[in-house]
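> Okay, sequence plus prediction incoming.
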Amino acid sequence: MENNSQVNHKQHQSKWTLRNIILIALIAIFTGVIFWGIGFLYTALTVALTPIGAAPFANDILMGIWCMAGPLTGFMIRTAGSAFLGEFLGAAVEVFLGGQWGAGAFISGLVQGIGSELGFTFTGYKRYDWWSLNASIFTTVVVTFAWDMIKNGYDKFALPLLIGLFITRYISTFIFGGIVTKMIVKLLDRSNAFNL
Amino acid sequence: MTDVVIHDFNYQYPESDKKVLNNLNLTFKDNHFSLLSGPSGSGKSTLLYFIAGLYPRFIGNDATGSITFGDTNIKEIANNQISAHVAMMFQNPNQQFAMDTVIHEMTFVLENIRTEPAKMDGIITRSLAFCGITKLRDRVINTLSGGEKQRVALACIVAMDAPVIVLDEPFASIDPDSRTDLIHKLKDLQENHGKTIILADHDLGDYEDLIDEFYYLDPTSHQIRLLNHDEAAKFFANFESTQRIDKRFALPTQSDDGAILKLRNFKLDPHNALLLSLDQFNFYKQKTTLITGANGIGKSTLFNALTKLLPYEGTIEYDNKPIKRFKPLAYAKNVTLLFQDAESQFLNVTVKEELDLSFKNRFNQNYSHEQVAKMLAQLGMQDRDDQVVYSLSEGQKKKLQIVEMLVMCPPVLLLDEPFKGLDYKSLRLITAFLAEAKDKYGQTQIVISHQLAGLEDLVDYHATFQNQTLTYQEVM
Amino acid sequence: MNPGMKLLLVVLIALEISFTQSLVVNCILIAVCFVYIMVKRMNFKTLFMLIFWPMFPAVGLFVSQWLYGSAGIHFAWVLFTRIYAYVFLGATFTLTSSITDLALTLEQDFRLPSKFAYGVLAAFNLMPKIREEVQIIKTSALMRGEVFHVWSPKLYFKAILSSIQWSQNLAEAMTSHGFVEDEPRTHYRIIRITGLDWVTFVGLFVIVQAMLFLIKY
Ligand SMILES: Nc1ncnc2c1ncn2[C@@H]1O[C@H](COP(=O)(O)OP(=O)(O)OP(=O)(O)O)[C@@H](O)[C@H]1O
Ligand SMILES: Nc1ncnc2c1ncn2[C@@H]1O[C@H](COP(=O)(O)OP(=O)(O)OP(=O)(O)O)[C@@H](O)[C@H]1O
Ligand SMILES: [Mg+2]
Ligand SMILES: [Mg+2]
C-alpha cells in the first residue's frame, strides 16, 4: 500500500493516489450494491405508509443507509474530498443499477456528499474519531433535510410532521452512519486493515 | 543487451522476522527463457514484483541491493519508462483490467505507453492474432472464462512489446491444452522476437525441452540457485514420475442407492447460453468425485447452482429433499463450497482469527485443536497466527482455506480447484487430509481440478464435463 | 451529443426543476425525454421499469402532500411529475451514453486528471463482479455458520477488505499495463466538444429557462 509508511493511522493522512481513488470507488459501489438489494424494502415501506399519507417517512427511515458510504470513505481515506466522492459515487451506482431515482440520485448524491464531507471539513481533517463522525452525521442530516424541504416539498408540511421527519432522519443516520459505521471502523482498526 | 542482473539483493517484509530473499546474486540472461521454481511461500512472487518495478512502490519498505536492466539500475528508470523495459502477467485472472472490453483494454495499454494512434489498429490485430483470440476482440472482459482472460493479458503484454516479460504462475487455473499452447507462444516470443522471459511455476510439465535456464529458490536458505543440466534433468524426472497415472476407476452403479445429491431434468443456462443439460445424474455419498473439463465449460457455474448461488431449471435433491426447500443456513451447513478464489472464503484478517471463526461455528467436533495445529505444521503454516491472510502467498492461502473448511467438516464439501498453485508435497498432504475426512467422518467430496497428478489415491469416481453433459469415466 | 455535456445539462435541468414549481414544464420535459429515449433505443421492458418503480415514491409524495401539505393539489402534482422528470432526464443519459465515453471526455475535454477518470472507470467496470461478490460474501458467511444482514457491520467489513485487496490488484495491474499517474497519454479516439454540442447545450438550456420563466402553472 502506498501510504503504508504512516504506521499509526490515528495520525495518518492519505493522498489521492490511483489506488486510493479506486478504493473509494469500490467501497462506494459495494455499499451501493448492498443497499440496492433492499430497494424493495423502501417500496414496501412506501406502499404501507402511503394510505395514511406518511410516505416521506420511508425516505427518512432509510436515509441513514443511503448516507453510509460517505462517512466510511471519509474515515478510510483521510483527505479532503474523499467522503464527498464516496457518497456521490455510491449514489451514481444506483442510477446505473436502474434505481427508481434517475437524475434525482445524482443530485441527492451531490447533496449527501456535501453533507457528509462538511463534518470532516469542520474538524479540519485532523480528527478521525467519534466526534468527527458525529459532526459528519449532523451536517448530513441538516444539509439533506434542507434539501428535502425544497425538493420533496417538506416546507409545505406543518411543523409537528416536519419535526417528526427530522427526528426520524436523525435517528436513522445516527444508527447507520454513526453506530454501524463506528462498528465497522472498529473492526478495521483492530485488524489493522488500514495498513493492509 | 538487457540482462536482468540481481545483485546482493535482500528483502524482508515489514511485519515479518525472516528474510524472504536472502543475498541473491544472479543474472537472468538476455533473450533466454528462464524458469523459476520453488515450494509455495519461498518468495518467487516477491522477487518478480521487484523485477517488474511494482515493489517497492506498492509495499511499505524497500529492499537492499540492486536490480539492473542491462546497464540501467531499475531505480534510475522514470516511472513512465518502466513499461518500456518490463511487463508483468499475474496469476489471478481477475482485477487485471481497467476497461470493459478487450479492444478498449488494448487501446488503453497502447495509449499509456504513448503509441501513435495511427499504429494502434495494426498492433492490436497482430497481438490478438498471435494469442489466437482474434474473435474475442469485442467481448466484454467480465464474461470471459479465466483461461480466456489470461490470453487477453498476454495479448496486452505482446502489444506493449517490452523486452523483458515476467510471469507469475500464469497458468495456475488454465486447462492442460491451453497451457501447452500458451507456453509455446512464450517460446515463440523469446526465439523470434528477442524477448527475455522469466517465469515462476510449480508445475514443471511442458517446460523440459523449451527452457534455457532452470532456477530453484530454496525455501530454507531463501537463495536462488541456477541448476546445471543434470540437476535440472533430475527435477524434471522427479516431476515426471509423479505425473504417470494409470489408475482405472469404477463406474458408479446406475441405481440411486447411496446417492446424496441427485440432479433431475437439470438445465443450466444462467447467462442465456446452455452450459449443462442432464436428465439424471447422481453424486454418491462418502465418495470423492473428480470433475474435469476445459476452461469456461461451466464447472464453477455448476457448483454455484449446487450451492444456490445461481438459478437453474429442474431439481436438485439433497438427501432426497429438493434443495429449494432447505433454509439457506441449514443448507449451507450441509453442502459447503471451497471457492475457486481463496480470498472469497476469508471473512477475517489474520490467520488466527480465521481459524478461530471456524472453531467457533463448526458444525461438529471432529477435529481437535491439536490435530489442526499438527496439520498446519505439516503444511509449513505454523507460526503465522498474526499474519494478514491477504498477504499470504497464493499457495499458503489455498492451504489455510482448505484447513479452515476441514475444521467445519460439512457432510458434503465441494472443492473448486483446491490444488491451484500448490507444490507437490503440499498437494499430497492435502489429499491425505481429505481422504481422512472422507473415511473417518463420512464426508462426500466433489472436486474440480485441472491438476490430476497426485489425486489418484483420493478419487473414487471421475466425471468429465464435455458437450454440455457430465459422464462418468473409467480413466483419469 | 458529447456525454459530458449531456450529463451536465441533465443535472443542471434536474437541479433547476427542484426549485421551480411548474407542472406544465415538468410534463414537457418528460414528454421530450420520452421521445428522445424512444428514438434512440426502444426497449419496452426498460420503459416499463422506468414507469413502474418510481410510481411508489411519486404516489407516496403526492398523497402525503395532498393530505398534509399546505400548498394544495397543484403542488402535489408538481412533486409527482418532478419524480418522473428526474427519472426520464436520468434515462436520457444512462440509456444512451456509455460510461467509457464519459470517462474519455472527462479526461480529454474537462481536464479531469486521468487517475480519476480511469481509476473510477476501472472500479465501475467491476460492478457485475461486485454484485456477485456480495452474494459470495453472504454465502461464504453462511458456510462458516454466520448470517449477514444489511445492517451487519461484518458484511461491510468484508466488503471493505475485498475493496482494499481489489484496489491493490487493480492499481498494480494498471501500472504494469503502463499507466502512470499524472503523465501524458496519447488518445486513440479523440472526443471533442463540437460547435454543435455547444449550440445544442446552450439552445436547450435557454429554452428550458424561457419555459420556466413563461409557464408558471
Ligand atoms: N505483505 C506481507 N507481509 C508479511 N509476509 C508476507 C507478505 N507478503 C508475503 N509474505 C510472506 O513472504 C513469503 C513469500 O511469499 P511469496 O508470495 O513471494 O511466495 P511464493 O514463492 O510466490 O509462493 P506461492 O508459490 O505460494 O505463490 C511467504 O511466506 C509469505 O507468507
Ligand atoms: N456474467 C457472465 N455473462 C456471460 N457469460 C458468463 C458470465 N460469467 C461467466 N460466463 C461464461 O460462463 C461460462 C462458464 O464459466 P465457468 O466459470 O463456470 O467456467 P469453468 O468451467 O469454471 O472454467 P475455469 O476452468 O476457467 O474455471 C464461461 O464460458 C464464461 O465465459
Ligand atoms: Mg506466488
Ligand atoms: Mg472455474
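It's in. Ligands and ions are numbered 1, 2, ... in the order given.
> Would the stretch of helix or strand C:Ala123 belongs to count as contacting ligand 2?
Here C:Ala123 sits within helix C:114-125, counting by DSSP states H and E. No. Judged by CB under 6 Å from any ligand atom, helix C:114-125 and ligand 2 are separated, with a smallest distance of 12.7 Å. In short, each C-beta sits where N, CA and C put it, glycine included.
> and for that helix, what are the contacting residues?
Under the contact criterion CB atoms under 8 Å, 6 or more residues apart in numbering or on different chains, helix C:114-125 has outside partners A:16-18, A:21-22, A:25-26, A:28-29, A:89, A:96, B:97-100, B:108, B:141-142, C:99-100, C:103-104, C:106-107, C:167, C:170, C:174, C:179, C:181-182, C:185.
> which of those residues are buried?
Buried by 16 or more other CB atoms under 10 Å in any protein chain shown: A:16-18, A:21-22, A:25-26, A:28-29, A:89, B:97-100, B:108, B:141-142, C:99-100, C:103-104, C:106-107, C:167, C:170, C:174, C:179, C:181, C:185, out of these.
> which residues of chain A fall in helices?
A:18-36, A:39-49, A:56-66, A:69-76, A:82-96, A:103-122, A:130-151, A:159-173, A:181-190 (DSSP state H).
> Summarise which helices and strands the first one is packed against.
Helix A:18-36 is packed against helix A:69-76, helix A:82-96, helix C:114-125, helix C:127-143, helix C:153-176, with contacts defined by 3 or more CB pairs under 8 Å, 6 or more residues apart in numbering or on different chains; DSSP states H and E.
> for that helix, what is the average pLDDT?
The pLDDT scores in helix A:18-36 average 93.
> Kindly state the pLDDT recorded for B:Ala200?
Confidence score, pLDDT, at B:Ala200: 96.
> pretty sure it is touching B:Phe171, no?
No. Counting by CB atoms under 8 Å, B:Ala200 does not reach B:Phe171; the two are 10.6 Å apart.
> Might you list the low-confidence residue ranges for chain A?
In the predicted model, chain A carries pLDDT under 70 at residues A:1-12, A:99, A:192-196.
> Could you do chain C as well?
If you take pLDDT under 70 as the line, chain C has these spans: C:42.
> in it, what residue is nearest ligand 2?
C:Pro128 (5.8 Å; CB to the nearest ligand atom).
> and what of chain A?
Residue nearest to ligand 2 within chain A: A:Val33 (14.7 Å; CB to the nearest ligand atom).
> State the distance from that residue to ligand 3.
Going from A:Val33 to ligand 3 by CB to the ion, to the nearest Å gives 30 Å.
> now do B:Gly70
Taking CB to the ion, one finds B:Gly70 at 27 Å from ligand 3.
> Residues of chain B that sit close to ligand 2?
Selection of chain B residues close to ligand 2 by CB under 6 Å from any ligand atom yields B:142-147, B:173, B:271, B:275, B:293, B:295-301.
> right, and the helix or strand after the host helix or strand of B:Ser277?
B:Ser277 is part of strand B:276-284 when elements are defined by DSSP H and E. Next along the chain after strand B:276-284, taking DSSP H and E as the criterion, comes strand B:288-292.
> relative to strand B:276-284, how tilted is that next one?
If you take axes from the mean of the first three to the mean of the last three CA atoms, to 10 degrees, strand B:288-292 sits at 160 degrees to strand B:276-284.
> mind listing what B:Ile157 touches?
Neighbour list for B:Ile157: B:87-89, B:165 [criterion: CB under 8 Å, 6+ apart].
> picking up where we left off before, between the helices and strands packed on helix A:18-36, which one is nearest to B:Phe249?
helix C:127-143 (28.7 Å; CB to CB).
> Can you point out the buried residues in the helix holding C:Ala123?
C:114-125.
> Likewise for stretch C:5-23?
Buried, per 16+ other CB under 10 Å, within stretch C:5-23: C:5-7, C:9-14, C:17-18, C:20-23.
> just these now: which is nearest B:Ala232?
C:Leu7 (59.5 Å).
> my hunch is that B:Ser261 is in a helix, does that hold up?
Rather than Ser, residue B:261 is Leu. No. Read with DSSP: H, G, I helix; E, B strand; the rest coil, B:Leu261 is strand and lies in no helix.
> B:Ala63: neighbour count?
Look at B:Ala63: counted by other CB atoms under 10 Å in any protein chain shown, it has 22 neighbours.
> That one and B:Leu21 touch, don't they?
Yes. Contact criterion CB under 8 Å: B:Ala63 and B:Leu21 qualify, at 7.0 Å.
> Can you check which residues contact both of the two?
Jointly contacting B:Ala63 and B:Leu21 under the rule CB under 8 Å, 6+ apart are B:9-11.
> distance of C:Val78 from C:Cys27?
In this view, C:Val78 and C:Cys27 are 10 Å apart by CB to CB, to the nearest Å.
> ok, back up a step: of the helices of chain A, which stretch is the most buried?
helix A:69-76 (a mean of 30; mean count of other CB atoms under 10 Å in any protein chain shown).
> Check whether it comes near chain B.
No. Judged by CB under 8 Å from any CB of the partner chain, helix A:69-76 makes no contact with chain B; its nearest approach is 14.8 Å.
> So what's the gap between that helix and the chain middle?
Offset of helix A:69-76 from its chain centre (CA atoms, centre = their mean, to the nearest Å): 8 Å.
> likewise stretch B:2-22?
Taking CA atoms, centre = their mean, one finds the center of stretch B:2-22 at 24 Å from the center of the full chain.
> now swap in stretch B:181-195 and tell me
How far stretch B:181-195 lies from its chain's middle: 22 Å, per CA atoms, centre = their mean.
> With stretch B:436-450 instead?
Worked out by CA atoms, centre = their mean, stretch B:436-450 lies 20 Å from the chain centre.
> That stretch: end-to-end distance?
Length of stretch B:436-450, first residue to last, CA to CA, to the nearest Å: 22 Å.
> now what about the helix or strand of chain B with the lowest mean pLDDT, what contacts it?
Across the helices and strands of chain B, mean confidence by mean pLDDT, DSSP states H and E is lowest for helix B:229-243: a mean of 90. Residues from elsewhere that reach helix B:229-243 (CB under 8 Å, 6+ apart): B:37, B:204-205, B:207-208, B:214, B:216, B:227, B:424, B:453-454.
> residue ranges with poor pLDDT in chain B?
B:1.
> Now the most far-flung residue of chain C relative to its centre. Nearest residue, chain neighbours left out?
In chain C, C:Gly145 marks the outermost C-alpha relative to the chain mean, sitting 37.7 Å out by CA atoms, centre = their mean. In this structure, C:Gly145 finds its nearest non-sequential neighbour in B:Asn361, 3.0 Å apart by CB to CB, 6 or more residues apart in numbering or on different chains.
> show me what contacts the one you found?
Contact analysis of B:Asn361 by CB under 8 Å, 6+ apart lists B:408, C:144-146.
> Mind doing that once more with 10 Å?
B:333, B:407-408, C:141, C:143-146 (CB atoms under 10 Å, 6 or more residues apart in numbering or on different chains).
> buried residues in stretch B:457-473?
For stretch B:457-473, the neighbour count (16+ other CB under 10 Å) marks B:458-459, B:461-465, B:468, B:470, B:472 as buried.
> Off-centre distance for it?
Offset of stretch B:457-473 from its chain centre (CA atoms, centre = their mean): 21 Å.
> Can I get that stretch in CSV, CA atoms only?
The C-alpha coordinates for stretch B:457-473 follow below in CSV (Å, rounded to 0.1, in the frame of the first residue of the first chain):
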residue,chain,number,x,y,z
ASP,B,457,-5.4,-42.2,-4.1
LEU,B,458,-8.2,-39.8,-3.2
VAL,B,459,-10.5,-40.0,-6.2
ASP,B,460,-13.3,-42.7,-6.4
TYR,B,461,-15.2,-41.6,-9.5
HIS,B,462,-14.2,-39.4,-12.4
ALA,B,463,-16.7,-37.4,-14.4
THR,B,464,-15.8,-35.4,-17.5
PHE,B,465,-17.7,-32.2,-18.3
GLN,B,466,-18.0,-32.0,-22.1
ASN,B,467,-20.6,-31.3,-24.7
GLN,B,468,-22.9,-29.9,-22.1
THR,B,469,-23.1,-33.1,-20.2
LEU,B,470,-21.4,-34.9,-17.3
THR,B,471,-20.2,-38.5,-18.0
TYR,B,472,-18.6,-40.9,-15.5
GLN,B,473,-15.3,-42.3,-16.9
